[in-house]
Every structure is written in C-alpha cells, then in structure tokens.
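[1] What follows is a predicted structure for the sequence shown.
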Amino acid sequence: MFTFSLTLIRHGETQYNKDKLLQGQGVDTVLSETGLRQGEAVGRYLRDITFNNVFSSNLQRAVQTAEVILRNNTHCAGTQMVLEPLLRERGFGVAEGRPKEDLKNMANASGQSCRDYTPPGGETLDQVRLRFKQFLKVLFKQMLEEHGWPKPVASAGGSEAAAAASSDGGLPSDGLQGVPVHALVVSHGAYIRVAIKHLVEDLQCSLPAGVRMSQFFSPCPNTGISRFILTLSQSESGSPALSAARCVFTNRKDHLEHLKAAE
C-alpha cells in the first residue's frame with residue numbers, strides 16, 4: 001500500500017477571467033496583477049507543506065501560478081515542476097475568446113444546460129474525464145517510481161493514520177497527518193470540476209461529514225484549493241491501482257480573505 005496526498009489548485013486570475021471571457025486551450029493568457037497576488041497568497045498559505053512532486057498544465061496561467069507557489073514554499077527549493085498537457089483546460093472550440101454569455105446562448109439554442117453543452121470544435125466532458133484518467137495513470141506511475149512501495153509494516157500504520165486524520169481544522173495541513181508523500185497539481189476551473197466529479201462519483205471517494213454534495217461540484221475560484229488522500233495497491237499485473245480515496249476539502253479560499261478586505 002502507498003498513500004499520498006493530492007492537492008489541486010486552480011490558476012490565479014487572468015484579465016480574461018475578470019472580463020468573463022472563455023480561454024480554454026487556444027487562448028494562452030498570463031496572470032493579471034490580481035492573479036499574481038492570489039498566487040502569492042496561496043503560496044504563503046501552503047509554504048510549510050513539502051510537495052515532493054509538482055505538476056502543472058503547460059498553459060501560461062497555470063505555469064505562472066505554480067512558479068509563484070514554489071517560490072514561496074520553504075521546502076521546495078530545487079523541486080522540478082512537470083509541465084503536463086493532460087492538465088490543460090477543457091477545449092471550448094469556437095467559443096474560446098468570446099464572452100461566457102455567448103456559450104450560455106449557444107447552449108440554450110441547442111436545448112442543453114451550459115455545463116453539459118459542447119460547442120463546435122470543443123471537448124466533451126467525457127473527453128476531459130478521459131484526460132484526467134490518463135493523468136492519474138501518469139501520476140501513480142511517477143509517484144511509485146520516485147518513492148517506491150513502502151515496507152508492509154510501515155504502510156499499514158501510515159494508511160490508517162491518513163484515514164483517521166481530521167478534515168475540519170481549517171489548516172493548510174489538513175488531512176496530511178501520517179501521509180508521507182505530497183503531490184501538487186495546478187490546473188484550470190472546468191478541468192478541476194471534471195476531476196473532482198470523477199474522484200467522487202466514479203472512484204467512490206469518501207467525503208467529509210456534513211458537507212453538501214453541491215459544494216463539491218461548485219465552480220472553483222481562482223487559486224481555490226482541493227485536497228484528496230489517495231491509497232494505491234499493487235494489482236495482479238504489478239501495476240498500481242487505486243484502492244482508497246478520501247476527500248479532505250474542496251474549493252478552499254481562506255487565503256484570499258485578506259485580499260478581499262484590501263480591495
């Protein structure tokens with residue numbers, strides 16, 4: 001058994017976000033001044049967490065955010081960031097670069113909800129889910145190649161400690177007690193929503209008590225943080241397989257409160 005934490009973060013704000021324009025994959029913008037401040041804020045919030053592995057979408061807004069987070073971290077000097085195309089935002093086809101309201105109008109005209117609608121040339125939600133599933137395979141393989149299967153005695157205690165860790169403390173380290181390895185992933189809003197739905201609905205991830213299901217699937221704010229504890233076991237073929245998953249929290253934005261107060 002091998003247990004590790006997966007911390008998902010959406011990139012900071014861009015001018016397109018502020019102007020409510022769709023970016024997708026074809027519009028590769030950089031962070032706005034607000035986005036840079038958000039990146040600094042989330043970096044300071046997570047500064048004492050030792051991220052052993054860091055993955056980012058290869059779009060500029062995600063890469064910039066990951067770089068700022070690493071720069072603020074007290075333990076990640078020299079950590080190599082992996083730029084992973086599988087983490088890119090959902091492709092919105094002809095709607096990219098246009099107001100989000102245009103996408104709503106296109107969806108209404110087709111008789112579909114905006115969330116489920118795929119504009120011409122865009123990715124379906126199933127295609128995005130497939131990309132995330134492919135990323136999980138890449139993630140599991142790299143984690144085990146770098147960190148290896150733990151000894152049986154150590155793995156049992158570590159796994160139980162992770163399962164018993166509290167998720168309600170409101171601290172940057174929530175859920176990390178007893179978990180030896182930590183992965184950071186920086187991606188995008190629509191992609192993260194699909195990823196969380198896959199973890200919760202398809203992989204039967206356990207959820208914190210007393211949290212409404214709607215909260216898990218609500219839009220992720222810029223630099224919003226979600227965290228999961230994943231446990232791998234070795235399949236008969238020898239490849240890693242997910243044997244347990246637990247959600248600690250989703251879409252946390254505590255680190256942004258002081259920015260709002262300053263505005």
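    Arrived safely. Numbering: from 1, shown residues only.
[2] Residue 250 contacts residue 219, correct?
    No. Using Cβ atoms under 8 Å, residue 250 makes no contact with residue 219, being 10.9 Å away. For the C-beta atoms, the positions are set from N, CA and C on the backbone; glycine is no exception.
[3] Can you pick out the residue with more neighbours from these two?
    Ranked by neighbour count (other Cβ atoms under 10 Å), residue 250 and residue 219 place residue 250 first, with 24 against 12.
[4] Can you tell me the closest non-neighbouring residue to the more buried one?
    Here the nearest residue to residue 250 in space, its sequence neighbours aside, is residue 226; by Cβ to Cβ, 6 or more residues apart in numbering that works out to 4.2 Å.
[5] Return the residues in contact with the one you found.
    Taking Cβ atoms under 8 Å, 6 or more residues apart in numbering as the contact definition, residue 226 lies against 7, 8, 9, 192, 196, 220, 247, 249, 250, 251, 252.
[6] okay, these in TSV with secondary structure, pLDDT and distance to residue 77 next?
    Rendered in TSV, the data for those read as follows (DSSP: H, G, I helix; E, B strand; the rest coil; pLDDT from 0 to 100; distance: Cβ to Cβ, whole Å):
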residue	secondary structure	pLDDT	distance to residue 77
7	strand	98	18
8	strand	98	23
9	strand	98	19
192	helix	97	27
196	helix	96	30
220	coil	93	28
247	strand	95	30
249	strand	94	27
250	strand	94	29
251	strand	94	29
252	strand	94	25
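[7] Now the two most distant members of these.
    9 and 247 (15.1 Å; Cβ to Cβ).
[8] Mind checking which of these two has more residues around it?
    In terms of neighbours (other Cβ under 10 Å), residue 9 is the more surrounded of residue 9 and residue 247; the figures are 27 against 20.
[9] hey, where'd the helices end up in the stretch 101-250 of the chain?
    125-147, 152-164, 189-197, 213-216 (DSSP state H, counting those that start in this stretch).
[10] Need the per-residue pLDDT for residue 152.
    At residue 152, the pLDDT value in this model is 54.
[11] and what of residue 213?
    The predicted local distance difference test score for residue 213 is 78.
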